[in-house]
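> here are the coordinates; sequence isn't available:
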């Protein structure tokens, strides 16, 4: 069913992993989707794949940490799909280090992408949503938005910031027809997770498969979450019937609860 037909959507970090899966789900529901990220070849491959299946999709490069790049992307996206009614803020990075080895550069990089990038992109599209009286914003946060763990100080702090931003904006948006919510997955089987595993392996000398197995054992379901499972959670917030979901956090981790 094309229940999102006529809706325009933007997915940041859309070139792979969760972003690509979200773009696929939105396009399958009939939305005209703009996938955006810094790497042109990745987002073009995603858009080409969607068009090959009869979907409407476009690729627009953007660095979410650069205000000028965000502004240009927003203009181009609206030219391509008309109104942008749906925004999924998925662009993110993850870095790990013991607390005393967290550098200022690492701290600022993670926060620029995970928190500031979401602020900039949301500010670019929110005014038009408010003017139309309809919009869906979903921020891809993390179980690390609720809890801490060893070696992820910068990442967890940025995701706590993202969750706080979502809650504050939700309070402002009540009654406007625009909703903002967050999806909070555990470890997801994505290229970003693979890259983090490789970094840990290089630093510690441990086998990458051993590290992956350790991550899987840490998850309540004994496995990593799939990108499509996260995309399914994102789609929960899209229907007209989801208008009362405002400032909600949907945890996707295969069992248990991450909330305090």
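Happy to help now that I have it. Bear in mind that the values here come from a model prediction, so they are computed numbers and not experimental data.

> For the residue lying closest to residue 237 once chain neighbours are set aside, give me the pLDDT.
Computed as CB to CB, 6 or more residues apart in numbering, the closest residue to residue 237 that is not its neighbour in sequence is residue 181, at 4.9 Å. Heads up, the C-betas are built off the backbone N, CA and C, glycines and all. Turning to residue 181, the model gives it a pLDDT of 98.

> since we're on residue 181, how many residues are nearby?
For residue 181, the neighbour count with other CB atoms under 10 Å is 23.

> so who does the most centrally placed residue in the chain touch?
Centroid-nearest residue in the chain: residue 90, 1.7 Å away (criterion: CA atoms, centre = their mean). Contacts for residue 90 were tallied using CB atoms under 8 Å, 6 or more residues apart in numbering; they are 11-14, 18-19, 22, 140.

> just to revisit the earlier point, now do the same for the residue nearest to residue 237: helix, strand or coil?
Look at residue 181: counting by DSSP: H, G, I helix; E, B strand; the rest coil, its state is strand.

> What's the end-to-end length of stretch 194-212?
From its first residue to its last, stretch 194-212 covers 8 Å (CA to CA, to the nearest Å).

> Give me the contacts around that stretch.
Contacts for stretch 194-212 (CB under 8 Å, 6+ apart): 94, 96, 215.

> Show me which residues of stretch 240-259 are buried.
By 16 or more other CB atoms under 10 Å, the buried positions in stretch 240-259 come out as 245-254, 258.

> just those residues now: which is nearest residue 129?
residue 246 (13.6 Å; CB to CB).

> Do I have it right that that closest one meets residue 181?
Yes - using CB atoms under 8 Å, residue 246 makes contact with residue 181 at a distance of 7.0 Å.

> Residue 88 falls within a strand, correct?
Yes - under three-state DSSP, residue 88 sits within a strand.

> any idea of the pLDDT on it?
With respect to pLDDT, residue 88 has a value of 98.

> Wasn't residue 60 part of a helix?
No - read with three-state DSSP, residue 60 is strand and lies in no helix.

> And for it, the neighbour number?
22.

> can you give me phi and psi for the residue of the chain most remote from its centre?
Distance from the centre of the chain peaks at residue 205, with 30.8 Å (CA atoms, centre = their mean). Note on residue 205: its backbone torsions stand at phi 80, psi 0 [degrees, to the nearest 10].
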